[in-house]
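Engineer: predicted model and sequence below, questions to follow.
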Amino acid sequence: MANNNTDPETPLLGGIEAGGTKIVCAIASEPSEPLFEESFPTTTPEETTGKIIEFFEKAAQTHGPVASLGIGTFGPADIHPRSPGYGSILTTPKKGWSHYSIVQSIRDGLGTGIPIAFDTDVNAAAVGEAEYGAGRNHRFIAYVTVGTGIGGGFLQDGQILKGRMHPEIGHIPVPDYDAAYGKSTNVCPFHDSCLEGRAAGPSLAARWDIPGQDLPDDHEAWDLEAKYLAAGCISLTASWSPDTIIIGGGVSSKYGLIDRIRAAFADLSGDYWALPPLEIYLQNPALGQKAGIVGSLCLAQRMLQKPEN
Ligand code: ZN
């Protein structure tokens, strides 16, 4: 078959965005311009990995084999290259996935020794935004995703900051702003009042009896949502002082929410910090829902440039 790779001298990259409900696979020479892309539901580990392998085998018939792979996965996940469990999902309520090694299964399935980068879907999205989106021209980038859960990633000069494990900003404690609205919703089973429990998608549905996507733009739900997210952004500002906080994920794409978050942030910050204009400091992703797969392809590219990282 013809080789449709745009430049035979440029290595072909493989990207996998492994979300809790959906997997996106892509190949590209240039991360922001996938040549071939497919998505399918996340089911059992074996079936899901089988479909991923099928995708890359099919892609290879037309475009040739990939030189490296980048995986951005749902968590919690072991993302430390020197850890014995590197490449695995950690303990998760998601049936069958606890301690399943995605990297090993894909390596075995493809029968290849190519370098494979493994990181969280949030870190991958942060890298995508840093290289091609709203994070360009910023050195210290916080990326927050607000959807079924809330997660975050931090980049310093392009490098992903890692501690003992990846950040879990969804579980930052937040004040109880529900009471002022005559509500008391917190859907996190572990904490009395955390950001994810108060502001992730399921909390909107639980609090107002209407799914977030169906709540009207002028519903008071959005002021409360904005206040919780602003409180989370205050914590990030106080603990790390980023150049910009990019707020992505399904909930964040609600029309006008980012303006409400900026207003709530201005109220809560008490003019304490000297910050860039809030239109720059708090922003939506430029790549939208593409940040994760573009970032996964960027991780694959980084493996070819610096395989030891
Ligand atoms: Zn929590």
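Structural biologist: Ah, there it is. Numbering: from 1, shown residues only.
Engineer: spell out which residues of the stretch 51-200 of the chain are next to the ion.
Structural biologist: 171, 188, 190, 191, 194, 197 (C-beta under 5 Å from the ion). Quick note: C-beta positions are derived from backbone N, CA and C, even for glycine.
Engineer: next step: those residues restricted to helices.
Structural biologist: With DSSP state H as the criterion, helices contain residue 197 from among these.
Engineer: buried ones among the residues of the stretch 51-200 of the chain next to the ion?
Structural biologist: 171, 188, 191, 194, 197 (16 or more other C-beta atoms under 10 Å).
Engineer: for the second one, give me its contacts.
Structural biologist: So the one you mean is residue 188. Residue 188 sits next to 170, 171, 194, 196, 197 when contact means C-beta atoms under 8 Å, 6 or more residues apart in numbering.
Engineer: can you get me a residue count around the closest residue to the fourth one other than its chain neighbours?
Structural biologist: Taking C-beta to C-beta, 6 or more residues apart in numbering, and ignoring the residues beside it in sequence, residue 196 has residue 170 as its nearest neighbour in space, at 3.4 Å. Neighbourhood size, residue 170 [other C-beta atoms under 10 Å]: 23.
Engineer: part of a helix, is residue 16?
Structural biologist: No: applying DSSP: H, G, I helix; E, B strand; the rest coil, one finds residue 16 to be strand, outside a helix.
Engineer: go ahead and confirm it touches residue 69.
Structural biologist: Yes: using C-beta atoms under 8 Å, residue 16 is in contact with residue 69, at 6.7 Å.
Engineer: packing partners of the strand or helix carrying residue 122?
Structural biologist: Taking DSSP states H and E as the criterion, residue 122 maps to helix 121-132. Counting contacts by 3 or more C-beta pairs under 8 Å, 6 or more residues apart in numbering; DSSP states H and E, helix 121-132 packs against strand 13-18, strand 68-73, strand 140-146, strand 150-156, strand 159-160, strand 244-248, helix 291-305.
Engineer: could you redo the last one with a cut-off of 10 Å?
Structural biologist: strand 13-18, strand 68-73, strand 116-120, strand 140-146, strand 150-156, strand 159-160, strand 244-248, helix 291-305 (3 or more C-beta pairs under 10 Å, 6 or more residues apart in numbering; DSSP states H and E).
Engineer: so where's the protein uncertain?
Structural biologist: 1-8, 306-309 (pLDDT under 70).
Engineer: name the residue closest to the centre of it, please.
Structural biologist: With distances taken as C-alpha atoms, centre = their mean, the residue of the chain nearest its centroid is residue 122 (2.2 Å).
Engineer: separation between it and the ion?
Structural biologist: Using C-beta to the ion, to the nearest Å, we find residue 122 at a distance of 16 Å from the ion.
Engineer: that residue against residue 75, yeah?
Structural biologist: Yes: applying C-beta atoms under 10 Å as the test, residue 122 and residue 75 come out as touching, 7.9 Å apart.
Engineer: identify the contacts common to these two.
Structural biologist: Jointly contacting residue 122 and residue 75 under the rule C-beta atoms under 10 Å, 6 or more residues apart in numbering are 149, 151, 166.
Engineer: mind listing what the first one touches?
Structural biologist: Pointing back at residue 149 there. Here residue 149 is in contact with 20, 74-75, 122, 168, 170-171, 187-188, 195-196, 200-202, 249 (criterion: C-beta under 10 Å, 6+ apart).
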